[in-house]
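> got a sequence here, can you model it:
(one chain, ligands or ions: 1)
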Amino acid sequence: MLPRLCLHSLFLAAFAGHALASCSYGTHLHPRAEGEEVPVNTFAYTGINGPMNWVALAPETNSICATGMRQSPINMVDGVFHMVPSSDIKLEIPDFTEGAEFENLGTTVEVVAKGGSLQLSEANYTLRQFHFHLPSEHLDNGTSIAMEMHMVFETAEKDIAVIGVFIDLDNGGSPATEDPIATPTPTAAAKRRGFHLRRQESSIAPSPTGSFGGVQGFLTVPMIKAPGITSPVLETVFSKVGEIKTPGTRTSTPPLAMGSVVQAIMGGSFQSYSGSLTTPPCKEGVRWFVATQKLQISTATFESVRSVIGFNARYPQNTPGQPNMLQLARAQV
Ligand SMILES: [Zn+2]
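Below you'll find the model as predicted:
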């Protein structure tokens, strides 16, 4: 399938002052043939083509952006999600030993996956790509995080599941705390892979049992600010972001040890809810799994990514099941 080209991307970039636009998930889920043009999208995150007006870009396909009652992202607070322990899902992503394609879609930077699967009890999904938002789209109990990674999976029937992973800033190497409750112990496998646990803010204590994955603990404590795990994979991917500053460009990453990412996020649990794509056409029925385990990158790396992405987060939507924010506004203005 030929990618949809968004020819006014240059106008958008000039209009908003930085690279904007990216094609809808529905058009870039599938890896493209080698040499095929990288699609650059038409929507934006600010101005007239921003989230408040996405429906106007293509009313016939984007109407749900302005009417849907299960739109994403949302504020991840107690009561809007149910906790899924990692033992309930099977996540497998092979190491990308030959590296992977890394491209600038205008509205995000994206790695095209070379395999990977998410198996739930009722469905099997294939990893298509993972991309990044800056700042985070979901809020962590009311708090915006530096970035968010979306790992997009799809079934043969085109059903979509997304694993969202908060990416915070490495605090510069302060020593891990000795507090046995506030700081989980990395698994032996994590140690073998060279993870470095570092203390982050910990404003909410974990469950009395000390379990970071226990469902019971999360029923009363919506988000545990567990220490982030420094991610060599993200550092490796972003080491190449300077090569794709221009929308529509691509490069190749060095080899990516994706197993380390799986190891990290499967060490926590997942806050799950039924939502939507966070970009046009805002399709609903998307199964979201927001990882409780954050990843970390260095401040210097974050700044390099920010210089390319700029800003690409849709504003938080209403609680799932409640009226669309735009319909509410329309009734009041
Ligand atoms: Zn996304």
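> show me where the stretch 51-200 of the chain has its helices.
54-57, 59-62, 64-67, 188-192 (DSSP state H, counting those that start in this stretch).
> those: which one's closest to residue 120?
Closest to residue 120 of the helices of the stretch 51-200 of the chain, according to Cβ to Cβ: helix 188-192, at 23.0 Å. C-beta here means a position set from N, CA and C on the backbone, and glycine is covered the same way.
> quick one: average pLDDT of that closest one?
The predicted model gives helix 188-192 an average pLDDT of 35.
> ok, stretch 153-171 next?
Mean predicted lDDT for stretch 153-171 stands at 95.
> of the helices of the stretch 51-200 of the chain, which shows the lowest average pLDDT?
Lowest mean pLDDT within those: helix 188-192, a mean of 35.
> so where do the strands sit in the stretch 151-300 of the chain?
160-169, 229-230, 250-252, 269-276, 284-291, 295-297 (DSSP state E, counting those that start in this stretch).
> how far off centre is the last one?
In terms of Cα atoms, centre = their mean, to the nearest Å, the centre of strand 295-297 is set 13 Å apart from its chain centre.
> show me what that strand is in contact with.
146-147, 149, 165-170, 198, 200, 228-231, 234-235, 238, 261, 264-265, 305 (Cβ atoms under 8 Å, 6 or more residues apart in numbering).
> winner for burial among the helices of the stretch 51-200 of the chain?
Of all the helices of the stretch 51-200 of the chain, helix 64-67 carries the top mean neighbour count, a mean of 21, counting by mean count of other Cβ atoms under 10 Å.
> closest to residue 73 out of the helices of the stretch 51-200 of the chain?
helix 64-67 (12.8 Å).
> that closest one: how far from the chain's middle?
Using Cα atoms, centre = their mean, the offset of helix 64-67 from its chain centre is 21 Å.
> which helix is the longest one in this structure?
Ranked by residue count under DSSP state H, the longest helix found in the chain is helix 299-309.
> angle of that one against strand 160-169?
Per axes from the mean of the first three to the mean of the last three Cα atoms, to 10 degrees, the angle that helix 299-309 makes with strand 160-169 is 130 degrees.
> 34 is where my numbering starts, stick with that
Sounds good: first residue 34 from here, last item helix 332-342.
> of all the strands of the stretch 184-333 of the chain, which one comes closest to residue 76?
Closest to residue 76 of the strands of the stretch 184-333 of the chain is strand 302-309 (Cβ to Cβ; 14.4 Å).
> so which elements touch that closest one?
Packed against strand 302-309 by the contact rule (3 or more Cβ pairs under 8 Å, 6 or more residues apart in numbering; DSSP states H and E) you find strand 115-118, helix 248-253, strand 317-324.
> residue ranges in the stretch 84-233 of the chain under the pLDDT threshold?
Filtered on pLDDT under 70, the stretch 84-233 of the chain yields the residue ranges 205-233.
> which stretch among the helices of the stretch 84-233 of the chain comes nearest residue 186?
With Cβ to Cβ as the criterion, residue 186 lies closest to helix 97-100 of the helices of the stretch 84-233 of the chain, at 20.8 Å.
> what does that closest one rub up against?
Contact with helix 97-100 is made by 84, 87-88, 104, 309, 313-317, 357, 359-360, as judged by Cβ under 8 Å, 6+ apart.
> and the next helix or strand after the longest helix of the chain, what's buried?
Using DSSP states H and E, the next helix or strand after helix 332-342 towards the C-terminus is helix 358-365. Buried residues in helix 358-365, counted by 16 or more other Cβ atoms under 10 Å: 358-359.
> quick one: mean pLDDT for helix 358-365?
Average pLDDT, helix 358-365: 93.
> that helix: how far from the chain's middle?
Offset of helix 358-365 from its chain centre (Cα atoms, centre = their mean): 27 Å.
> do stretch 305-321 as well
12 Å.
> same check, this time on stretch 173-180
For stretch 173-180 - counting by Cα atoms, centre = their mean - the centre lies 12 Å from the chain centre.
> dump it to CSV, keeping only the CA atoms.
In CSV, the C-alpha atoms belonging to stretch 173-180 read as follows (Å, rounded to 0.1, in the frame of the first residue of the first chain):
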residue,chain,number,x,y,z
ASP,A,173,0.8,10.0,35.4
ASN,A,174,-1.8,10.7,38.1
GLY,A,175,-2.0,14.3,37.0
THR,A,176,1.6,14.7,36.1
SER,A,177,3.1,15.2,32.7
ILE,A,178,6.3,13.2,32.1
ALA,A,179,9.1,14.2,29.8
MET,A,180,8.3,11.8,27.0
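> which residues does that stretch contact?
108-110, 165-169, 199-202, 237, 255-256, 258, 327, 330, 335, 338, 346.
> for ChimeraX, what selects the buried ones among those residues?
Those of those that count as buried under 16+ other Cβ under 10 Å are selected in ChimeraX with:
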select :108,109,165,166,167,168,169,199,200,201,202,255,256,258,327,330,335,338,346
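> just give the closest residue to residue 359, not the sequence neighbours.
Counting by Cβ to Cβ, 6 or more residues apart in numbering, the nearest residue to residue 359 once its immediate chain neighbours are dropped is residue 99, at 4.3 Å.
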